[in-house]
Structure formats: C-alpha cells, structure tokens
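K.L.:
The following block contains a protein sequence and its predicted model.
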Amino acid sequence: MKSVFAYLSFREFLRDGYKARKAVNAAFSYRFIARRLGINASTFVRILQGKRNLTLKMVAPVAEVFKLGKRETAYFGLLVSLEQAGSDQEKKLYFEKAVSFNKSEVITLLADRYALFESWKYIAIRELLSHYRFCGDYGALGRMCAPPITPGEAQRAVALLARLGMIRKDGKGCYLPTDKFVTVGENWRSIAIANYQKSTIALAGEAIERFPSDERDISTCTVSLSQKGLALVKDKVRTLRKEILEVENMDPECDRVFQVNFQIFPLSKSTRGAQR
C-alpha cells in the first residue's frame with residue numbers, strides 16, 4: 001500500500017488503499033469500512049466515486065482503518081478539505097498547505113507544474129526564448145518582457161522552466177525551449193488555470209494604456225444567447241484558437257510574444273422562466 005504522501009486526491013488514496021488491503025485480506029470489504037465510518041456500504045462507494053463528500057468527522061476513523069500515523073492523518077485531512085473546497089480561493093489555500101506539508105518528490109513535481117500557471121511570466125519567457133538568445137543575463141531577459149520583470153523574477157522563471165524540462169541549455173550555455181509542455185492534472189487544473197487567466201486578464205486591461213492601438217487588438221461585443229447559442233460560440237472560439245496556433249507554427253519571422261485572450265462571461269441572470 002503506497003504512502004498517503006504519494007497522493008493529492010484522498011479518493012485515489014482510498015481506492016488504491018482498498019485494493020491493496022483487499023488483496024491480502026478478503027474480509028476487508030466496503031461493508032467493513034462503512035461500518036467503521038458509521039455509514040452504509042453504498043454511501044462509501046459514492047464517496048469513492050465523487051458523488052458524496054467525506055465529512056471531516058470521518059477522517060479519524062478512516063485513518064484508523066488504513067493505519068495512518070499522526071502526520072499522515074493530518075495530511076489526509078488536508079486532502080479532504082482540498083478536494084471538497086467550494087471555491088478556487090479555498091482550493092488554492094488547501095493546495096498550498098498540502099504542498100508545504102508534503103515534501104515528497106511527487107508533490108514537489110506537482111507543485112512546480114502548478115507554479116507554472118501562477119503567473120503569466122513563466123509561459124511568456126518560455127515563448128520568448130524561442131526567438132531570443134538568452135545566455136545568462138537575467139536583467140536583459142527581464143527587460144524584454146512587457147511589462148518588465150526583475151532579474152530575480154526572470155531567474156526564478158528560467159529555473160522553473162528548466163526543472164520542468166521545458167527549456168534546456170545548448171552547447172554554448174544558452175537556453176532553448178524544448179517540445180515538452182506540462183499540465184497540472186485534472187484535479188488541480190481549475191485552480192492553476194484560474195490563476196493564469198486572472199493574471200492575463202489583468203494584463204489585457206493594462207495593455208490599453210501601455211501599447212498603441214496598432215500593437216494590440218482589444219474589441220468587445222455584447223450579445224444575447226441561449227445555452228445552445230453559447231455552446232456554438234465557445235466552439236467557434238476553440239476553432240479560432242487552433243487556427244491561431246497554426247499561424248504561429250507557419251510564421252518563420254516570429255520576433256515578439258503576444259497574449260491572445262477570449263473572454264465570454266454573463267452580464268445578466270437567465271430570464272428563462274421569469275415574468276415578461
């Protein structure tokens with residue numbers, strides 16, 4: 001049975017832990033576990049499936065069933081709070097607590113993947129290095145960003161990208177991007193991507209003042225749509241994103257990094273069912 005510190009999902013730990021214990025003890029059943037938690041077996045199955053929550057009162061009984069130590073139990077409790085948090089802000093709080101609590105190699109790698117999306121700087125520098133020769137002058141690299149970042153921020157970005165294998169040194173000690181890209185995994189994608197999107201949306205607002213109109217394109221439209229119409233618009237945006245990436249791949253003269261945002265969000269509640 002793998003250590004709970006190898007996980008960032010309490011449900012995955014329970015599923016794997018159950019299989020491992022069941023393999024050596026046929027009497028170790030859903031019914032046995034549920035009885036120790038004070039629930040029925042079907043409820044425990046729904047917890048494993050993500051259809052029911054595990055209450056914090058159940059953390060101690062679960063720890064007893066799976067023979068977790070004090071520190072392991074505390075970490076398991078963090079995972080329960082993390083996976084069942086109601087908002088991205090809560091998830092971010094518990095994720096960072098879990099990472100600081102757990103220094104295993106697996107979690108360190110996930111923390112780096114998560115950090116990649118915490119700010120626009122990391123992705124921007126990775127793109128910049130595809131056409132900017134960088135051999136160690138972090139001050140110059142930072143000044144190439146818009147808005148400029150500090151040498152320390154540039155150095156942290158390069159170190160993170162190197163750890164993730166997204167850039168590498170050539171024979172002359174200069175950094176080049178690799179073909180590798182990383183995701184943070186389905187469970188934590190919403191937290192990381194939300195952070196990244198917030199930072200780029202803020203940059204878009206600042207760009208109105210920072211750049212002349214011939215160096216940017218910020219346009220808006222306000223429309224009324226049904227849920228079906230919204231799905232069609234989102235599909236068109238997905239198609240356009242792919243087409244923009246194709247333009248990038250076919251452009252042999254790339255010399256600048258651009259952020260392209262598409263933002264669709266409600267400006268009213270649904271009037272369906274409301275009095276007219």
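P.N.:
Perfect, thanks for sending it. Numbers count the residues shown, from 1 in each chain.
K.L.:
So what does Ser130 have for phi and psi?
P.N.:
Phi and psi for Ser130, reported as degrees, to the nearest 10, are phi -70, psi -20.
K.L.:
try Phe265
P.N.:
phi -150, psi 150.
K.L.:
Against Leu230, how distant is it?
P.N.:
11 Å (CB to CB, to the nearest Å). (C-beta placed from N, C-alpha, C; glycine too.)
K.L.:
And for Phe66?
P.N.:
44 Å.
K.L.:
shaky segments in this structure?
P.N.:
Low-confidence segments of the chain (pLDDT under 70): 105-106, 183-190, 274-276.
K.L.:
can you give me how far stretch 56-65 is from the chain middle?
P.N.:
Mean-position distance between stretch 56-65 and its chain equals 28 Å (CA atoms, centre = their mean, to the nearest Å).
K.L.:
cool, stretch 203-215 as well?
P.N.:
27 Å.
K.L.:
List the buried residues of it.
P.N.:
Leu203, Ala207 (16 or more other CB atoms under 10 Å).
K.L.:
thinking again about what came up before, so if I had to pick from Phe66 and Leu230, which one is more boxed in?
P.N.:
The neighbour comparison of Phe66 against Leu230 (other CB atoms under 10 Å) goes to Phe66, with 19 against 13.
K.L.:
Work out for me the element the nearest residue to the more buried one once chain neighbours are set aside sits within.
P.N.:
Nearest residue to Phe66, sequence neighbours excluded (CB to CB, 6 or more residues apart in numbering): Gly17, at 5.2 Å. Per DSSP states H and E, Gly17 falls inside helix 10-24.
K.L.:
residues making contact with whichever helix or strand comes after that helix?
P.N.:
Proceeding N to C from helix 10-24, the next assigned helix or strand is helix 30-37, under DSSP H and E. Contacts to helix 30-37, defined as CB atoms under 8 Å, 6 or more residues apart in numbering, come from residues Tyr18, Asn40, Ala41, Thr43, Phe44, Val45, Met58, Pro61, Val62, Glu64, Val65.
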